[in-house]
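A.B. asks: need a structure here:
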Amino acid sequence: MKQFFKMVLATACGFIVVNIVGMILLFSMIGGIMSSSSPTVKAKKGSVFVLKLDGVVTERYEDAGPIAALLGQTELNGMGLDDILAAIKRARDNENIEGIYIEGGATSFDSPASAQQIRRALQDFKKSGKWVVAYADQYMQGSYYVCSVADDIYLNTTGMIDFRGLGGKSYYLKGLYDKLGIEYQAARVGKYKSYVESVTRTDMSADDREQRNAYLQGIWQQWLNEMAESRGVTAESLNQLADDSIMLFANANDYATAKLVDGLLYPDQVKGIICGKLGLTDDAKINQLTLDDMMNLKVKKDRKDDHVAIYYAYGEIIDELASSFISEHAIVGRQTVEDLLSLRNDDQVKAVVLRVNSGGGSAVASEQIWHAVNLIREKKPVVVSMGGVAASGGYMISCGADYIYAEPTTITGSIGIFGLVPNVSRLITDKLGVTWDGVSTNKHGDYETNLIFGKDNKEEMKALQAFTDRGYDNFLTIVSNGRNIEKDSVHAVAQGRVWLATDALQHHLIDELGSLDDAVVKAAEMANINEYSVATYPAKTDWLEQLFAAEAPQSSYLDGQLRQTLGELYEPIMDLRKDEQRNRLQARMPFSAAIR
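C.D. replies: The predicted structure follows:
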């Protein structure tokens, strides 16, 4: 027995020691990661900024931190539009950086406007007299559009360019639900509010086809004009190439013949091109700076007392943060309102720029945020800068501002409301044999149950439609007051219709086409300040917060793996999962604006 207790004690001690050592190693690794993650970087003379377009470009990218690094999440690439634009600007202003080398890859952008903003930043970079060179084994359509601004663009000798125009198909699940005995009941206002059609139809409606075709044609024409100017060809010839591009895959030389690229090179030959730009021999070492290096580049910081605050509102608008939204950024209604009111009461903040990149979401949360914007305007100016998407609820939170800027390819409008409720009576009762019965003190005491499980719920749906109508009328009033447009005139361009910013400008839904920088300048002018610092909110999550938010890194990691596995099926599947946690009344855009 004595020997037994010795063994138990030894095992327990060994377990404790192993865990202590493990914890020491874990925190040593985390400390090592943190100590080496953000050193100050100095650009050496003759440096090149290497911009790798590989992964998903979103409005802002938050580093998953040391825990995710240990889980291997660093393999799942992500880039923030804000970081890319800042890096290009720093490269332009740094006298030791002579050019930018873009390495194209399998890039996707959260919207056409994000790609357009990067391209315009590169154009501005070139105006400083510096050069841009691009190379890729293969160019996805969005990355080729960005890279086409380069002075020289090259392709691998066995590479390809995805050049086929914009488009895609949407999924329609009514046929599946019919087989299962589920019927989705929709209450909507606006013939273009087509989100509900994915579960109530088996094909695209004529109205939805009209709006999608209009904004896609508008974006594509802008892209063609910009690419044609850079490549020295006509927009018409490029459009024809898009129709004939499947034939180009037979021979990579056809890309050069069509002037899509300047030449075909092996990867090792690209170095010689860059060395030539720098005036070096082909075997010389090139001083390279990555995106991370650029973000840690030593720069002179403004320390003015007056601030213009940029508040980033991006992602779906939700009431509360639920488990389905943990792995992605969302605009959480209550938290966003608190943040905005904090800026309202900050005496150093003289003006606020609300940067919106959202297709909307909860109508209730959207209205609360809109109200907070109006409260800020009582004390200081608010200017909106629309990113890739500012539609439906994203437009609602924008329209109360003093002034609205949008990118030329921003997708906006979608002024409409809908409610969507599944009725599962055929599945539960007819197929599974489950029946319902009960009592109620009032006629509609079991409103929710009858709406979802009842075979006769016409009165309940009539009430839901009335609730939706009221929400739409409120939306029209908000836009009418905010934009100083007659309510009937708002209705004429509303009805859930999605607009490209160039068209939205004609309908007075926005004030001007312009960038985030333009919005900051405008806000400062409206606040009558000449010298000011720019501060961004909300702050990105630091590694310590991530360390104690143990659920988020793992969820994010698993979500990234799921995204890679499912590909184009990821969004519709996750959308169905989120529906159960969404507010009943939605002001949300009917489709994704992401491009590859």
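
A.B. asks: Name the surrounding residues that touch the host helix or strand of residue 311.
C.D. replies: Here residue 311 sits within strand 307-314, counting by DSSP states H and E. Strand 307-314 has contacts (Cβ atoms under 8 Å, 6 or more residues apart in numbering) with 58-60, 82, 329, 331, 336, 339-340, 343, 346, 348-358, 369, 385, 387, 394, 397, 516, 520, 523-524, 527, 529, 532-538. Just so you know, the C-beta spots here come from the backbone N, C-alpha and C atoms, and that holds for glycine as well.

A.B. asks: Residue 255 sits in which helix or strand?
C.D. replies: Per DSSP H and E: helix 253-257 holds residue 255.

A.B. asks: buried residues in that helix?
C.D. replies: Buried residues in helix 253-257, defined by neighbour count with 16 or more other Cβ atoms under 10 Å: 254-255.

A.B. asks: what's that helix packed up against?
C.D. replies: strand 152-161, helix 235-248, strand 263-265 (3 or more Cβ pairs under 8 Å, 6 or more residues apart in numbering; DSSP states H and E).

A.B. asks: all helices of the stretch 251-400 of the chain, in order?
C.D. replies: Remark: helices assigned in the stretch 251-400 of the chain by DSSP state H, counting those that start in this stretch are 253-257, 267-278, 291-295, 333-344, 363-377, 393-396.

A.B. asks: Go through those and pick out the most buried.
C.D. replies: helix 393-396 (a mean of 33; mean count of other Cβ atoms under 10 Å).

A.B. asks: Paired strands for the helix or strand following that one, with orientation please.
C.D. replies: Using DSSP H and E, the helix or strand that directly follows helix 393-396 along the chain is strand 403-406. Sheet partners assigned to strand 403-406 using DSSP bridges are listed as strand 382-391 (parallel), strand 512-513 (parallel).

A.B. asks: for these, which one sits closest to residue 164?
C.D. replies: Residue 164 sits nearest to strand 382-391 of all the strands paired with strand 403-406, at 20.9 Å, using Cβ to Cβ.

A.B. asks: so where is the stretch 1-150 of the chain shaky, pLDDT-wise?
C.D. replies: Where the stretch 1-150 of the chain drops to pLDDT under 70, the residues are 1-39, 62-77.

A.B. asks: go again using 90 as the cut-off
C.D. replies: Residues of the stretch 1-150 of the chain that meet the criterion pLDDT under 90 lie in 1-43, 54-56, 61-79, 104-108.

A.B. asks: what does the stretch 451-596 of the chain give?
C.D. replies: 451-469, 471, 539-596.

A.B. asks: Do you have the strands of it handy? List them.
C.D. replies: Along the stretch 451-596 of the chain, counting by DSSP state E, counting those that start in this stretch, strands occupy 498-500, 512-513, 533-537, 585-588.

A.B. asks: Export those as CSV, with columns for mean neighbour count.
C.D. replies: Listed next are these as CSV, based on neighbours: other Cβ atoms under 10 Å:
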stretch, mean neighbour count
strand 498-500, 27
strand 512-513, 15
strand 533-537, 15
strand 585-588, 27
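
A.B. asks: Which stretch among the strands paired with strand 403-406 is buried most, on average?
C.D. replies: It is strand 382-391: most buried of the strands paired with strand 403-406 by mean count of other Cβ under 10 Å, with a mean of 30.

A.B. asks: how distant is it from the center of its chain?
C.D. replies: Distance of strand 382-391 from the chain centroid (Cα atoms, centre = their mean, to the nearest Å) equals 12 Å.

A.B. asks: swap in stretch 257-269?
C.D. replies: On Cα atoms, centre = their mean, the centre of stretch 257-269 falls 32 Å from that of its chain.

A.B. asks: same check, this time on stretch 392-409
C.D. replies: For stretch 392-409, the distance to the chain centre is 16 Å (Cα atoms, centre = their mean).

A.B. asks: Then stretch 458-473?
C.D. replies: 31 Å.

A.B. asks: Buried residues, that stretch. List them.
C.D. replies: 460-461, 464-465, 468, 471-472.

A.B. asks: And stretch 166-179, by the same measure?
C.D. replies: 166, 170, 172-174, 177.
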